[in-house]
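**Student:** need a structure here:
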Amino acid sequence: MDFAAPLALGFTGSLVAGLMTAIGATPVLFGKTPSHAARDMSLGFAAGVMLSASFFSLIVPAIEAATEEYGDGHIPASIAVVSILAGMGLVAWLNETLPHEHFATGREGPDSFALRQIWLFVIAITIHNFPEGLAVGVGFGAHGLAGGMPLAIGIGLQNLPEGLAVAVALLGEGYNRSRAWSIAALTGLVEPIGGVIGAAAISYSEPFLPWGLAFAAGAMLYVISHEIIPETHRSGHQNKATLGLAVGLVLMLFLDVWLG
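**Tutor:** As a prediction, the model looks like this:
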């Protein structure tokens, strides 16, 4: 089996998706900062895209792959359940173990005051973005261009408002516009690392396919529940955030059916 092609696709797709973070942060360079309501709606859109991608691009294909391997019955469902919980558990463990900082909720993890604030923030973004790159890489490694493209587009779309939110938060912490944009852009470069790991794992072992797909979905679901949705509701714009989530969910569903 030629491993180079899925690795290249996984890296390229997750890199392009990660670079969308820089594009999303661009308005801060021109002095344009959207309202809290607009940012919450955008982050809700990001949550909807990730939620849809988790189920329709990862969990459903994982169950289908497990059914082809083991037949109907409890085994495919058990594989999906165990893998989803393992993915969520890993990101939860990283979130509890690594010192990091969120702008809204402050510092978390052990010995967080021993590190400079910027590095705490970089660790937080790494915990957040790695599962996204992993999911894109798994998609390309599992089903090539057709399997990874909807995920790459979907994750790229959700990185647009995420990049803007990061840059605006940095401005609020006193960073100048160019530095805020640069740091926001760099946070997206974590994703190609996850992309290569995900593509390599799936390409190396075919029986690992259903486990890897559902594991990536679980990692993303933890980020949605623990980080994105609570942030969209923090400022009291739940209706707009929910509207954004609905639009993101159905758009990703459309892309997945159309392109997949």
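
**Student:** what number of residues lie near residue 92?
**Tutor:** When neighbours are defined as other CB atoms under 10 Å, residue 92 has 16 of them. From N, CA and C alone the C-beta is placed, and that goes for glycine too.

**Student:** going forward, begin numbering at 560 instead of 1
**Tutor:** OK, 560 is where the count begins now, so the last one is residue 651.

**Student:** which strand or helix spans it?
**Tutor:** helix 633-656 (DSSP states H and E).

**Student:** what comes up buried for that helix?
**Tutor:** Buried residues in helix 633-656, counting neighbours by 16 or more other CB atoms under 10 Å, are found at 635, 638-639, 642-644, 646-647, 649-651, 653-654.

**Student:** same thing with stretch 593-609?
**Tutor:** Neighbour-count burial for stretch 593-609 flags 593, 598-609 (criterion: 16+ other CB under 10 Å).

**Student:** same question for it, mean pLDDT?
**Tutor:** Averaging pLDDT along stretch 593-609 gives 84.

**Student:** which other residues reach that stretch?
**Tutor:** Outside of stretch 593-609, the residues within contact range by CB atoms under 8 Å, 6 or more residues apart in numbering are 586, 691, 713-714, 716-721, 723-724, 727, 779, 782-783, 787-788, 790-792, 794, 796, 799-811.

**Student:** repeat the analysis, applying 6 Å as the threshold.
**Tutor:** Residues from elsewhere that reach stretch 593-609 (CB atoms under 6 Å, 6 or more residues apart in numbering): 713, 716-717, 720-721, 724, 779, 783, 787-788, 790-791, 794, 796, 799-800, 803-804, 806-808, 811.

**Student:** what subset of those residues is buried?
**Tutor:** 713, 716-717, 720-721, 724, 779, 783, 787-788, 790-791, 796, 799-800, 803-804, 807-808, 811.
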